[in-house]
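Chemist: what would the 3D arrangement of this be:
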Amino acid sequence: MSSRHTYYLFMALINIGMGSTVTAYTPYLQSIGLSLGQIALVNAIFWCVVIVAELPTGMFADGKSRAYSLKLGALFYSAGALSYVFASGFWSAALGESLIGIGGAFISGAGTAWIADALSREGKDHELRHVYATESLIQSILLLLGGFVGSAIALVSYRFIWIPFVVTGIL
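Modeler: As a prediction, the model looks like this:
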């Protein structure tokens with residue numbers, strides 16, 4: 001598989017999994033007992049973790065391997081989503097959100113840097129803008145599709161919206 005298609009597949013899996021959680025995220029957190037204020041605090045924790053983790057995970061990606069950083073990010077996403085499957089209150093939700101935040105920090109710059117390096121090695125630097133644009137389109141479509149999937153899953157149980165995120169992160 002070409003590096004471009006590998007990149008598209010990786011981002012597609014991550015985004016459809018994440019998208020499955022977006023439509024029922026707040027009702028899920030309310031179903032495990034969180035107030036709207038606590039939901040806001042869980043989100044603030046997520047963003048604090050992402051910001052704090054950006055530098056060390058970026059250094060890791062640059063020093064070790066961007067591909068390895070992407071793999072770790074996906075595993076952290078899966079671990080965070082899995083912990084959400086079993087969450088029962090504020091602290092377990094904060095743990096899930098923190099793990100997902102670390103995963104996001106591992107992936108955030110490593111993906112774009114990895115594909116830029118891969119295309120450069122293949123002598124296809126001129127394709128980079130097209131690849132970024134295509135990935136953005138794929139991301140938008142699959143987040144939307146994932147939202148519909150998550151809505152359908154939420155009709156069975158809010159807790160199950162995290163399962164696609166666990167699976168796609170592992171894949």
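Chemist: contacts and neighbour counts: CA atoms only from here.
Modeler: Noted.
Chemist: all helices of this protein, in order?
Modeler: 3-22, 25-31, 36-63, 66-85, 90-108, 110-121, 128-154, 163-170 (DSSP state H).
Chemist: count of neighbours near residue 74?
Modeler: The tally of other residues near residue 74 (other C-alpha atoms under 10 Å) stands at 28.
Chemist: tell me the predicted confidence for it.
Modeler: Per-residue pLDDT puts residue 74 at 92.
Chemist: lowest average confidence, helix or strand, in this structure?
Modeler: In the chain, the helix or strand scored least confidently by mean pLDDT, DSSP states H and E is helix 110-121, which has a mean of 83.
Chemist: how about the CA coordinates for that helix, as PDB?
Modeler: What follows is helix 110-121, C-alpha atoms only, in PDB (Å, rounded to 0.1, in the frame of the first residue of the first chain):
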ATOM      1  CA  ALA A 110       3.200  13.300  13.700                       C
ATOM      2  CA  GLY A 111       0.600  12.400  11.000                       C
ATOM      3  CA  THR A 112       1.200  15.400   8.800                       C
ATOM      4  CA  ALA A 113       5.000  15.200   9.400                       C
ATOM      5  CA  TRP A 114       5.000  11.400   8.600                       C
ATOM      6  CA  ILE A 115       3.200  11.800   5.300                       C
ATOM      7  CA  ALA A 116       5.400  14.800   4.300                       C
ATOM      8  CA  ASP A 117       8.500  12.800   5.000                       C
ATOM      9  CA  ALA A 118       7.100   9.700   3.200                       C
ATOM     10  CA  LEU A 119       6.200  11.700   0.100                       C
ATOM     11  CA  SER A 120       9.500  13.400   0.100                       C
ATOM     12  CA  ARG A 121      11.300  10.000   0.200                       C
END
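Chemist: re earlier: and the helices of the chain, which one averages the lowest pLDDT?
Modeler: helix 110-121 (a mean of 83).
Chemist: for that one, packing partners?
Modeler: Under the contact criterion of 3 or more C-alpha pairs under 8 Å, 6 or more residues apart in numbering; DSSP states H and E, helix 110-121 touches helix 3-22, helix 66-85, helix 128-154.
Chemist: helix 110-121 and the last one, what's the angle between them?
Modeler: Using axes from the mean of the first three to the mean of the last three C-alpha atoms, to 10 degrees, one finds that helix 128-154 and helix 110-121 are set 140 degrees apart in direction.
Chemist: check the first one too.
Modeler: On the basis of the same axes, to 10 degrees, helix 3-22 is oriented at 170 degrees to helix 110-121.
Chemist: and helix 3-22, what's buried?
Modeler: 4, 7-8, 10-22 (16 or more other C-alpha atoms under 10 Å).
Chemist: need the helices and strands packed on helix 110-121 in CSV (columns: distance to residue 95).
Modeler: Compiled in CSV, those are given as follows (distance: least, C-alpha to C-alpha, whole Å):
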stretch, distance to residue 95
helix 3-22, 16
helix 66-85, 7
helix 128-154, 21
